[in-house]
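Novice: sequence and predicted structure, then a few things I'm wondering about:
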Amino acid sequence: MKYIKLTLFIIVLLASAIAEAIEQIEVQALLPGMAVVLIDGERHTLKQGQPPISGVRLITSDSKIATLEIDGVAKEYQMGTRISTSYVKQEKVKEQIVANQRGMYLTYGSINGQSVRFLIDTGATTIAMSSPDAKRLGIQYRLDGIPASASTASGIANAWRIKLKSVKLGKISFANVDAMVVDGDYPRHILLGMSFLDKLKVSKENNLMILEQKY
């Protein structure tokens with residue numbers, strides 16, 4: 001009995017592995033009770049009432065439409081339909097930052113491929129950096145940016161709205177992110193604001209900030 005259970009378990013695992021490997025399916029021909037499909041480049045004939053082939057089972061079909069069960073989900077498909085799919089669940093990308101003794105969430109990341117130190121600030125509407133930081137990163141904010149103004153501890157300062165090619169924090173990465181360059185030495189740290197954080201699920205547990213990518 002143990003051997004039978006083990007054999008069945010192995011069969012289930014193999015079937016699951018086959019299903020997870022599927023990336024593309026194309027319905028090429030339809031007949032009552034039969035469908036010809038291309039599964040990852042290999043042509044198969046599915047017949048109603050027969051077991052799944054490569055993780056795909058035909059439930060019903062006529063000359064115009066077929067009901068296919070793929071990964072346990074049944075849907076209707078017309079002839080010529082191409083289905084791009086993957087059964088491997090996406091791993092949730094998550095980063096955790098510990099607050100320092102002053103309650104600030106400081107961490108390292110990158111802007112346009114260059115290493116920077118971020119201060120995570122959920123109160124900032126956008127990523128913000130000082131003009132010296134922008135120059136160090138080679139950002140031509142006066143040439144490419146849009147003139148604006150920003151409120152600082154010293155009052156209103158000249159600023160420029162820009163687009164950053166890439167912003168990365170651990171495994172989390174986004175392209176074409178809104179940012180602002182403030183003329184002068186403020187802010188001291190590059191503020192990682194909501195133009196980046198709004199794309200994430202942000203939560204806190206004690207002195208830990210958790211950033212999780214949305215899907």
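Specialist: Received the coordinates, thanks.
Novice: show me the domain layout of the chain.
Specialist: 22-84, 94-213 (automatic domain parsing).
Novice: mean pLDDT and mean neighbour count added to these, as JSON lines?
Specialist: Every residue, glycine included, has its C-beta placed from N, CA and C. JSON lines is the format used below for these (pLDDT from 0 to 100; neighbours: other Cβ atoms under 10 Å):
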{"stretch": "domain 22-84", "mean pLDDT": "83", "mean neighbour count": "15"}
{"stretch": "domain 94-213", "mean pLDDT": "95", "mean neighbour count": "16"}
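Novice: can you confirm residue 142 is in a helix?
Specialist: Yes - when DSSP: H, G, I helix; E, B strand; the rest coil is applied, residue 142 is found to be in a helix.
Novice: what's near enough to touch it?
Specialist: residue 160 (Cβ atoms under 8 Å, 6 or more residues apart in numbering).
Novice: any idea how far residue 170 is from the residue lying closest to residue 70 once chain neighbours are set aside?
Specialist: Excluding the flanking residues, the one nearest residue 70 by Cβ to Cβ, 6 or more residues apart in numbering is residue 56, at 5.5 Å. Applying Cβ to Cβ, to the nearest Å, the value for residue 56 to residue 170 is 37 Å.
Novice: any idea of the pLDDT on residue 7?
Specialist: Looking at residue 7, its pLDDT stands at 39.
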